[in-house]
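1. One predicted model, sequence on top.
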Amino acid sequence: MHIPDGYLSPAVVVATYAVALPLWAFGFKKLKEALNEETLPLIGALSALSFIIMMLNIPIPGGTSGHAVGAALIAILFNPWIAFIAISVVLLIQAVVFGDGGVSTFAANSLAMGFVGAFVGYYVFKMFKRYKFAPFLAGWSAVVASSFLVAFLLGIEPIFWSKNGTPLYFPFGLKETIPALVGAHMLFFGVVEALFTGLVYNYLKSKKAEFAQ
Amino acid sequence: MKKRVFIILGILTALIPLGLLTDSPAWGEWDKEYYKKILGFIPEGIEKAKEINAPLKDYSLNSLGDISSYYLSAIIGAVLIFMIFYFLAKVFHAKNS
């Protein structure tokens, strides 16, 4: 889901940064309120955990691979704004240090994997909080929603930015991006994210952990 | 809860070489040759894309093998992320007082 540099037209790059900047500003305000001696190691560790699970690539049929993200877990443990900033920090390190995901597309990637993932995960969890499956469904919904935004941003490229019928940026339209990306996340990576979110959430929230605190 | 997060972080970091089991790229994250092969051309924007000079591009350190590179990348990335949050906490705290 990490969109590389050169895949999005300058107009979409500008638009995604314009949307992301005020959201980052507000997210930082929320982080500032939440960050203290008690939460700092926890937020740091959960962000590092997200970085680690994104390195665990899982192959799927059809010659591609993918990974879980971890936005939903942070969103339901803290709040979606913290999760958005945490995932943005992870994506920044991936782009700048490891060349994974572009710099021009950093805003688009943060909005998809961070913002959309965090908020969808958070609200799905809230809606089904009474049920045991809530964190699992939250994880699944979060990455599927994230993949939908990525599929949309990539898929509109050839529609609007082609010269004489030749695509200038990402060449495949919505008819290809939606089934390939959203489909793969519904069937495979969403399930991995569901298991990760649900199992880790239950483990962190189980009785023993509370006594140990 | 803190201790348990670190336990999970430790376990998943230990499992990091599993991420190398596949050579398949993510859908839509192909190298330029892929477009040449599939479309017969490389879209202009992708061809001319300016990529930044990432110091540890593709999670690899030239002098080390794949698995050690991936382990070291995981640790470097995790430490950098921690450092960013410690730095932010310091900045926020300095502003408050």
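-> Great, that's in hand.
2. count of residues packed around residue 78?
-> You didn't say which chain, so I picked chain A. By other C-beta atoms under 10 Å in any protein chain shown, 20 other residues sit near A:Phe78. All C-beta atoms are positioned from the backbone trio N, CA, C, and that covers glycine.
3. you looked at the wrong chain, it should be chain B
-> 23.
4. The residue of chain A found nearest chain B in helix, strand or coil?
-> Minimum separation of chain A from chain B (C-beta to the nearest C-beta) falls at A:Gly6, amounting to 2.4 Å. Following DSSP: H, G, I helix; E, B strand; the rest coil, A:Gly6 is assigned to coil.
5. Pull out the buried positions in the lengthiest helix in chain B.
-> Using DSSP state H to define each element, chain B has its longest helix at helix B:66-96. For helix B:66-96, the buried set under the neighbour-count rule, 16 or more other C-beta atoms under 10 Å in any protein chain shown, comprises B:69-74, B:76-78, B:80-82, B:84-85, B:88-89, B:92.
6. Could you do stretch A:161-172 as well?
-> By 16+ other C-beta under 10 Å, the buried positions in stretch A:161-172 come out as A:Trp161, A:Pro167, A:Leu168, A:Tyr169, A:Phe170, A:Pro171, A:Phe172.
7. Residues in contact with that stretch: which ones?
-> By C-beta atoms under 8 Å, 6 or more residues apart in numbering or on different chains, the residues outside stretch A:161-172 that reach it are A:6-9, A:11, A:154-155, A:157-158, A:180, B:28, B:35, B:39, B:41, B:43-46.
8. hang on, B:Ile46 packs against A:Gly6?
-> Yes. The pair B:Ile46 and A:Gly6 qualifies as a contact (C-beta atoms under 8 Å) at a distance of 4.4 Å.
9. Check the residue of chain A positioned farthest from its centre and give its pLDDT.
-> Residue farthest from the centre of chain A, counting by C-alpha atoms, centre = their mean, is A:Asn164 at 34.6 Å. A:Asn164 carries a pLDDT value of 89.
10. Wait, B:Phe82 touches A:Leu42, no?
-> No. Taking contacts as C-beta under 8 Å, B:Phe82 lies outside contact range of A:Leu42: 11.3 Å.
11. separation between A:Ala48 and A:Gly102?
-> 22 Å (C-beta to C-beta, to the nearest Å).
12. re earlier: save the buried residues of stretch A:161-172 as CSV, and put in secondary structure, distance to A:Met127 and pLDDT too.
-> Output for those, formatted as CSV (DSSP: H, G, I helix; E, B strand; the rest coil; distance: C-beta to C-beta, whole Å; pLDDT from 0 to 100):
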residue, secondary structure, distance to A:Met127, pLDDT
A:Trp161, coil, 37, 95
A:Pro167, strand, 39, 95
A:Leu168, coil, 41, 96
A:Tyr169, coil, 37, 96
A:Phe170, coil, 34, 96
A:Pro171, coil, 38, 96
A:Phe172, coil, 34, 96
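13. Now the buried members of the contacts of stretch A:161-172.
-> Buried among these by 16+ other C-beta under 10 Å: A:6-9, A:154-155, A:157-158, A:180, B:28, B:35, B:43, B:45-46.
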